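[1] A predicted structure for the sequence below; I have some questions about it.
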Amino acid sequence: MPDTFEHIENLPLPEDRYSDRELSWLSFNNRVLDQAKDATRVPLLERAKFLAIFSSNLDEFFMVRVAGLKRRIDAGVAVSSNGGMLPGDLYEAILERTHELVAEQARVFVEEVRPALTTHGVHLLGWNELTEEEQTQMHELFTERIFPILTPLAVDPSHPFPYISGLSLNLGVLLTNPATGNQQFARVKVPSILSRFVKVTRNRYLPLEEIIVQHMDEVFSGMEVMSHVTFRVTRNEDVEVEEDDAENILFAIEKELLSRKVGRPPVRLEVEDSIDDELLSMLTRELDISEDEVFRLPAPLDLTGLFALDGAGSEELRYKNFLPKTHPDLAQGLDTSRPADIFTALRKKDVLVHHPYDSFATSVQRLIEQAASDPKVLAIKQTLYRTSGDSPIVDALIDAARAGKQVLALVELKARFDEQANIRWARKLERNGVHVVYGMVGLKTHCKLMLVVRDEPDGLRRYAHIGTGNYNPKTARQYEDMGLLTCNPIITDDVARLFNHLSGMTQDVNYRRLMVAPDGIRSGLLAHIENEIINHREGKPARIRMKVNSIVDEAIIDALYRASMAGVPVDLWVRGICGLRPGVPGMSENLRVRSILGRFLEHSRIYWFENSGQPMVGIGSADMMHRNLDRRVEAIVSISNRAHIAQIGEILDLAFDDSTVSWHLDDRTWTPVTTDAEGNPLNDIQSFLINRVSSGRH
């Protein structure tokens with residue numbers, strides 16, 4: 001093993017040292033599918049939900065990543081991927097692997113989940129499985145609620161093939177005119193405003209398209225229905241905006257959203273496996289879809305509809321109910337059900353909250369709501385990347401502005417697939433007196449920051465929240481995230497200067513407790529990695545641990561390889577894409593990669609450097625991806641409280657403990673590890689944390 005950093009720095013790394021990000025993403029979605037297959041640890045309705053998540057994930061993958069790859073191929077761009085594959089070869093590999101995955105998803109649904117649902121009294125029915133009374137009920141529903149909103153579109157010399165909107169579920173119908181004998185095609189869009197699975201009676205569900213199919217004679221009165229099939233098209237839905245200046249970002253986004261509705265090229269066609277050759281030939285021709293881009297699947301298509309089963313069946317078919325608890329440092333004395341005055345609590349000590357175990361409502365949301373109503377609060381500043389409908393966060397900002405406080409909301413309009421919602425929130429905020437900033441030209445504002453300025457007896461004091469997750473009360477119950485609540489003047493000064501940079505375009509980008517992208521995170525992390533290598537060489541304690549959603553940045557990966565080659569232990573907890581290859585002889589023997597998926601989506605980002613026994617630990621919004629480090633405003637805050645560092649250390653210890661359920665990455669192969677050598681089930685880290693909070697421990 002080389003014994004000097006200089007030697008390590010000069011050692012050549014193999015050209016094939018990266019895994020391709022797209023194929024790695026498909027491996028991540030396969031881990032999601034593993035959850036749907038896990039009958040031992042995952043309750044039945046949760047398995048159905050994981051099937052829906054798998055489908056939803058794949059939709060976005062095709063709309064964005066595959067669409068972008070096709071665009072490069074069509075433009076003749078022959079640049080290899082980070083894994084060394086040319087665009088055409090990568091595209092073929094993606095389609096081949098995706099066909100395998102969706103075939104396995106269909107098998108799991110047809111052979112495992114659907115029969116198990118039936119066994120437990122939750123029925124996904126076909127029309128012929130309905131009772132006579134239920135069929136009558138569905139006839140009435142069709143007449144009163146469905147037929148009035150259907151718009152059948154026929155194709156003939158005066159009616160061209162209709163535009164099929166992305167992700168819409170459609171019925172393709174071949175018709176014959178009895179008078180002329182002529183055949184023609186028609187399309188009926190299944191209304192998305194109605195429930196995908198219609199509740200017939202308690203725990204008995206029927207796909208909406210089955211009701212429409214049974215009434216085709218009414219839809220096409222006077223015509224003879226020869227055949228029909230359900231199909232679904234995925235289109236390029238990524239927003240591309242040319243930004244001339246920040247003033248025009250809002251209008252550019254609105255224009256681009258309008259263009260989504262027409263002219264977006266298809267990238268995938270899903271059809272029922274019963275489709276006849278004539279219909280399939282016509283669809284592929286009209287949509288300009290190749291054979292490899294066609295996915296034949298058993299009905300029903302679009303398993304995202306399984307989200308509709310959330311309220312079905314008995315409680316034993318779901319995860320046990322869990323209510324987040326108020327963090328002990330934010331509770332009112334012994335009555336932990338009553339939140340304390342948050343400003344008083346934060347003047348005593350910083351608080352590290354861990355959602356969803358710690359309540360978002362009585363911590364982060366409580367800070368903004370109390371600030372809005374407190375007459376001593378003079379100003380509130382906040383970033384909004386994604387939030388929810390009827391958001392109490394937005395309402396609190398409006399209340400504060402109406403009360404005369406200075407309120408700044410930095411709304412990121414380019415948050416993918418939330419652009420329209422964010423435009424609505426931005427305009428609502430503006431109408432109510434909030435100062436709204438739409439981000440910086442060429443950058444997405446992805447950092448999660450809140451700043452409150454309060455007039456107190458000893459002068460103005462600032463309070464801040466720096467988090468890893470969005471200010472969204474709904475996802476805060478489903479996503480695992482961390483956040484630091486503090487009035488530490490060094491940190492709040494950093495946050496204030498970052499807000500000034502974002503809203504006023506100041507050029508002060510020097511911070512004491514924050515690392516901020518695009519200028520400082522990559523360089524800061526590289527410096528920490530190099531320091532660990534030097535410490536190891538000098539015999540001091542050295543270790544690197546990171547928890548991220550994805551890691552593909554080549555500079556960071558190469559630095560971690562060199563740390564491993566120098567003998568530094570490197571542990572990575574990666575939920576999604578991993579472009580790094582652990583366990584490769586001579587390059588990454590000292591590197592471990594784990595992935596954990598479960599009830600909650602692991603979303604926090606943690607950076608731990610042993611630093612000669614005085615750990616440097618940070619949490620923040622940044623993943624190790626080019627977009628985060630180069631094209632987004634991200635923030636990582638360093639944690640100084642020893643109790644907080646110990647808390648984070650315990651979580652990392654649990655994740656890498658051999659007794660914890662996880663997926664292990666060896667080179668490019670992920671392996672689920674759920675039992676020990678004797679076949680005994682391993683522990684689930686999320687269940688452990690739930691039980692600890694539920695029992696009153698923290």
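    Okay, I see it.
[2] hey, let's count contacts and neighbours off CA atoms from now on
    Noted.
[3] For the stretch 501-650 of the chain, which segments are assigned as helices?
    Applying DSSP state H, counting those that start in this stretch to the stretch 501-650 of the chain gives helices spanning 521-537, 554-565, 626-630, 642-656.
[4] for those, which one ends up most surrounded?
    Greatest average neighbour count among the helices of the stretch 501-650 of the chain goes to helix 554-565 (a mean of 22), per mean count of other CA atoms under 10 Å.
[5] So what's the gap between it and the chain middle?
    27 Å (CA atoms, centre = their mean, to the nearest Å).
[6] how big is the angle separating that helix from helix 521-537?
    Angle of helix 554-565 versus helix 521-537, following axes from the mean of the first three to the mean of the last three CA atoms, to 10 degrees, is 10 degrees.
[7] who's in contact with helix 554-565?
    With CA atoms under 8 Å, 6 or more residues apart in numbering as the test, helix 554-565 has contacts from 1-2, 8-9, 13, 18, 522, 525-526, 529-530, 532-533, 551, 569-570, 579-580, 586-591, 624.
[8] Please list only the buried members of those residues.
    8-9, 18, 522, 525-526, 529-530, 532-533, 551, 569-570, 579-580, 587-591, 624 (16 or more other CA atoms under 10 Å).
[9] if we can go back for a sec, indicate which one of the helices of the stretch 501-650 of the chain is closest to residue 329.
    The closest of the helices of the stretch 501-650 of the chain to residue 329 is helix 642-656. By CA to CA, the value is 12.4 Å.
[10] Could I have the CA atoms of the helix or strand following that closest one written out in CSV?
    Using DSSP states H and E, the next helix or strand after helix 642-656 towards the C-terminus is strand 662-666. As requested, C-alpha coordinates have been extracted for strand 662-666 and formatted as CSV (Å, rounded to 0.1, in the frame of the first residue of the first chain):
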residue,chain,number,x,y,z
SER,A,662,-29.3,-3.0,3.7
TRP,A,663,-28.1,-3.5,0.2
HIS,A,664,-24.4,-4.0,-0.3
LEU,A,665,-22.6,-2.8,-3.4
ASP,A,666,-19.7,-4.9,-4.6
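[11] Please name the strands paired to strand 662-666 in the sheet, noting orientation.
    Its sheet considered, strand 662-666 pairs with strand 591-595 (antiparallel), strand 669-673 (antiparallel) by DSSP bridges.
[12] Out of those strands, which gets nearest to residue 117?
    strand 669-673 (25.0 Å).
[13] can you pull the buried residues of the closest one?
    Result for strand 669-673 [16+ other CA under 10 Å]: buried residues residue 670.
[14] by contact count, what packs against the helix or strand just after that strand?
    Sequence order places helix 685-694 as the next helix or strand after strand 669-673, per DSSP H and E. The contact analysis (3 or more CA pairs under 8 Å, 6 or more residues apart in numbering; DSSP states H and E) places helix 685-694 against no helix or strand.
[15] tell me the average confidence for helix 685-694?
    Averaged over helix 685-694, pLDDT sits at 92.
[16] Provide the contact partners of it at residue level.
    Contacts for helix 685-694 (CA under 8 Å, 6+ apart): 322, 324, 325, 357, 598, 599, 600, 654, 655, 660, 661, 698.
[17] where are the low-confidence patches of the chain?
    The model of the chain has pLDDT under 70 over residues 1-10, 157-158, 238-263, 333-339, 387-390, 413-422, 505-506, 697-698.
[18] can you rerun that using 80?
    1-11, 78, 156-159, 237-264, 332-340, 385-390, 412-426, 438-442, 504-509, 695-698 (pLDDT under 80).
[19] what ranges do the strands span in the stretch 301-450 of the chain?
    331-332, 335-339, 351-355, 377-384, 406-411, 435-437, 444-445, 448-456 (DSSP state E, counting those that start in this stretch).
[20] closest to residue 316 out of those?
    The nearest among the strands of the stretch 301-450 of the chain, by CA to CA, is strand 351-355 at 24.1 Å.
[21] hmm, who's touching that closest one?
    For strand 351-355, with CA under 8 Å, 6+ apart as the criterion, the contacting residues are 324, 327, 329, 363, 476-477, 479-486, 644.
[22] ok, so of those, who is nearest residue 87?
    Closest to residue 87, out of all of the contacts of strand 351-355 and judged by CA to CA, is residue 479, at 33.7 Å.
[23] give me the number of residues near the closest one?
    By other CA atoms under 10 Å, 19 other residues sit near residue 479.
[24] mind pulling up the phi and psi values for it?
    phi -100, psi 140 (degrees, to the nearest 10).
[25] And for the one 5 residues further on?
    The phi/psi pair for residue 484 (degrees, to the nearest 10) reads phi -110, psi 120.
[26] need the contact list for it.
    350, 351, 352, 353, 464, 465, 466, 467.
[27] elements contacting the helix or strand hosting residue 185?
    Using DSSP H and E, residue 185 maps to strand 183-189. Under the contact definition 3+ CA pairs under 8 Å, 6+ apart, strand 183-189 sits against strand 153-155, strand 169-176.
[28] Just say which of the ones you listed is most tucked in.
    strand 169-176 (a mean of 21).
[29] So what are the sheet partners of that one and their directions?
    strand 183-189 (antiparallel), strand 224-235 (antiparallel).
[30] Would you reformat the ones you listed as TSV and include distance to residue 542 and mean neighbour count?
    What follows is the strands paired with strand 169-176, written out as TSV (distance: least, CA to CA, whole Å; neighbours: other CA atoms under 10 Å):
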stretch	distance to residue 542	mean neighbour count
strand 183-189	60	19
strand 224-235	48	20
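[31] could I get those as a markdown table with distance to residue 152?
    Shown next, in a markdown table, are the strands paired with strand 169-176 (distance: least, CA to CA, whole Å):
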| stretch | distance to residue 152 |
| --- | --- |
| strand 183-189 | 5 |
| strand 224-235 | 13 |
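[32] so which of the ones you listed gets nearest residue 46?
    It is, among the strands paired with strand 169-176 and with distance given as CA to CA, strand 224-235, at 24.9 Å.
[33] contacting residues around the closest one?
    Contacts for strand 224-235 (CA under 8 Å, 6+ apart): 59, 62-63, 67, 164-178, 209, 213, 216-217, 264-272, 274-275, 301-302.
[34] Which ChimeraX command selects the buried ones in the residues you listed?
    Remark: buried members of the contacts of strand 224-235, expressed as a ChimeraX selection using 16+ other CA under 10 Å:
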select :59,62,63,67,164,165,166,167,169,170,171,172,173,174,175,176,209,213,216,264,265,266,267,268,269,270,271,272,275,301,302
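[35] hmm, back to that, so which of the helices of the stretch 501-650 of the chain comes closest to residue 23?
    helix 554-565 (16.4 Å).
[36] Domain map for the chain?
    According to automatic domain parsing, the chain comprises the domains 21-105, 129-237+269-309, 328-512, 516-694.
[37] Could I get those in a markdown table, plus columns for distance to residue 315?
    What follows is the domains of the chain, written out as a markdown table (distance: least, CA to CA, whole Å):
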| stretch | distance to residue 315 |
| --- | --- |
| domain 21-105 | 9 |
| domain 129-237+269-309 | 12 |
| domain 328-512 | 18 |
| domain 516-694 | 15 |
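[38] Looking at the ones you listed, spot the one closest to residue 118.
    Comparing the domains of the chain by CA to CA, domain 129-237+269-309 comes nearest, at 9.4 Å.
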